[in-house]
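Novice: coords please:
(2 chains)
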There are 2 protein chains.
Amino acid sequence: MIHRKPVALQKSYLLLNHGPVTLISSAHGDYRNVMAASWAMPLDFDPPKVAVVIDKNTFSRKLIEASGEFVINIPCQQQAQQVLAAGSETGQSLDKLVQFELTGSEASHVEAPLIEGCVAWLECRIIPEAHNQNQYDLFIAEVVAAWADDRVFQNGRWHFPQEALRTIHYAAGGQFFETGHAFEIEG
Amino acid sequence: MIHRKPVALQKSYLLLNHGPVTLISSAHGDYRNVMAASWAMPLDFDPPKVAVVIDKNTFSRKLIEASGEFVINIPCQQQAQQVLAAGSETGQSLDKLVQFELTGSEASHVEAPLIEGCVAWLECRIIPEAHNQNQYDLFIAEVVAAWADDRVFQNGRWHFPQEALRTIHYAAGGQFFETGHAFEIEG
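Specialist: Model (predicted):
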């Protein structure tokens, strides 16, 4: 991952601010997993926090609750097939990374892997909030490290010269949108 | 708003699933206001819930806490200037709707107005969660009515024939992205 470069923590919210679909990776003991999640957003700037919905009925939930950690990986257009698959199948009885030909790299602060081929990564440590987790499947976490592919994110800004590396947004039923045309408004 | 059509509650999450920037409108007594928010996401399908971050230092926060209600309006490309302005100025001493030439229409279940020219609307009633509100500026709400412009949302799907009506995603510093090219993946 020669293009993976660190992102300053106080700028890490920018990786998620435009609402892309994400892949949440997790690990505990001998197990690891990956799931798709559209319901993830920044919650604070500094220290950076995120809010993510992780369903009770997923294997990822078990790993995330056991480890207290996860990584929010931001996939790109050429990974859409794998994102859809990661959202449709359970990792209980198989290694979804292997099945979907996803490679995990070692993260810096958490056990959960960084999914190669994604274009940004937020390493997260859960802030325990039992009521939110039990009542709403809602997890609050602090971002403890962040990375981005320097071909598409530099100096705090996304730019997408190649379609294959664009971030994507999930609608439903297999339909995605690419992150589209960028434009500036004078404040 | 002849193009505003009701959206079934259990499909209302689709209006927000792709992560567009939103305008949050509020009203209480003689006051009303509108603010921009990127940090809004679905939280549950049925009954539909949302999670939204509303900063303590905003006038909107006062109106929303006093009324227990708000509307998530989803603006389109041609409103980007107003979205940026609504995110930059306070409504404490002026009516931001008037200042930004936004027109509010009557909602069906809440006092907060529906902002005309937007392409979708979620009327929301807060589920009180004092700890989340105080600690994280995080509000959880139930969606009690939903609407969309039938030129861009029909039968549970977004489609954007006109650029001006595309939903938008906020990066930072006045930079937006349009919701881009749609594509389908076979499951």
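
Novice: use CA for all of it now, contacts and neighbours both
Specialist: Will do.

Novice: The residue nearest the centre of chain A pairs with what?
Specialist: In chain A, the residue lying closest to the centroid (Cα atoms, centre = their mean) is A:Ile72, at 2.3 Å. For A:Ile72, the beta-bridge partners are A:Ile24, A:Leu122 (DSSP bridges).

Novice: Quick check: it vs chain B, distance?
Specialist: The gap separating A:Ile72 from chain B is 15 Å, by Cα to the nearest Cα, to the nearest Å.

Novice: Quick one: the strands in chain A, in order.
Specialist: Listed in chain order, the strands of chain A (DSSP state E) span A:4-6, A:22-28, A:31-37, A:40-45, A:48-53, A:69-74, A:104-105, A:114-115, A:120-126, A:138-149, A:153-154, A:157-158, A:168-170, A:175-184.

Novice: Which strand residues bridge A:Tyr170?
Specialist: A:Tyr170 has these beta-bridge partners by DSSP bridges: A:Phe176.

Novice: Now do the contacts for it.
Specialist: Contact analysis of A:Tyr170 by Cα atoms under 8 Å, 6 or more residues apart in numbering or on different chains lists A:Pro20, A:Val21, A:Ser38, A:Phe176, A:Phe177, B:Asn17, B:His18.

Novice: 7 Å instead, please
Specialist: Neighbouring residues of A:Tyr170 by Cα atoms under 7 Å, 6 or more residues apart in numbering or on different chains: A:Val21, A:Ser38, A:Phe176, A:Phe177, B:Asn17, B:His18.

Novice: how about the strands of chain A in TSV, adding mean pLDDT?
Specialist: Shown next, in TSV, are those (pLDDT from 0 to 100):
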stretch	mean pLDDT
strand A:4-6	98
strand A:22-28	98
strand A:31-37	96
strand A:40-45	98
strand A:48-53	98
strand A:69-74	98
strand A:104-105	96
strand A:114-115	98
strand A:120-126	98
strand A:138-149	98
strand A:153-154	97
strand A:157-158	97
strand A:168-170	98
strand A:175-184	97
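
Novice: Ok, which of those comes nearest A:Asn132?
Specialist: strand A:138-149 (5.2 Å; Cα to Cα).

Novice: doesn't A:Ala80 make contact with A:Ala164?
Specialist: No: here A:Ala164 does not reach A:Ala80: they are 9.9 Å apart, not a contact under Cα atoms under 7 Å.

Novice: Which residue of these two possesses the greater neighbour count?
Specialist: For A:Ala164 versus A:Ala80, neighbours defined as other Cα atoms under 10 Å in any protein chain shown are more numerous around A:Ala80 (24 against 13).

Novice: Chain B contacts on chain A?
Specialist: Contacts of chain A with chain B, taken as Cα under 7 Å from any Cα of the partner chain, map to A:14, A:17-20, A:38-39, A:41-43, A:53, A:81, A:84-85, A:169-171, A:174-187.

Novice: can you pull the pLDDT of A:Thr90?
Specialist: pLDDT, the model's per-residue confidence, is 72 for A:Thr90.

Novice: tell me the phi and psi of it?
Specialist: phi -90, psi 150 (degrees, to the nearest 10).
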